[in-house]
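> this one's structure only:
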């Protein structure tokens with residue numbers, strides 16, 4: 001298996017838990033437990049919640065936001081590595 005193939009496989013595997021992290025984060029940001037929040041294309045408040053401190057007193061929000069940030073940074077690093085190495 002070549003390095004680009006390995007990185008592509010890693011991207012796919014690393015992408016699997018994205019729905020879990022995003023769902024938990026969106027439910028806190030939009031303050032709902034409705035499952036439909038996962039399929040709605042609402043991005044503005046989600047982006048604001050990711051890069052700012054919307055609910056500083058909510059420890060669950062801070063914990064999930066930081067976990068989601070770390071997850072996305074690792075995903076971005078893997079993607080960038082894949083883009084540079086496949087060329």
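Now that the structure is in, tell me what you want to look at. The structure presented is a predicted model; accordingly, all values stated were derived computationally and were not measured.
> Which elements pack onto the helix or strand containing residue 8?
Following DSSP states H and E, one finds residue 8 within helix 3-15. Other helices and strands packing on helix 3-15, by 3 or more C-beta pairs under 8 Å, 6 or more residues apart in numbering; DSSP states H and E, are helix 59-85. C-beta: built from backbone N, CA, C; applies to glycine.
> How far does the helix it packs on sit from its chain's centre?
Relative to its parent chain, helix 59-85 has a centroid offset of 6 Å by C-alpha atoms, centre = their mean, to the nearest Å.
> buried ones in it?
In terms of neighbour count (16 or more other C-beta atoms under 10 Å), helix 59-85 has its buried residues at 61, 64-65, 68, 71, 75, 78, 82.
> quick one: which two of these are the most distant?
The largest separation in those, counting by C-beta to C-beta, is between 61 and 82 at 31.2 Å.
> ok, back up a step: ok, the buried residues of helix 59-85 vs residue 13, which is closest?
Of those, the one sitting nearest to residue 13 (C-beta to C-beta) turns out to be residue 78, at 9.7 Å.
> which residues does the closest one contact?
Contacts for residue 78 (C-beta atoms under 8 Å, 6 or more residues apart in numbering) come out as 7, 10-11, 14.
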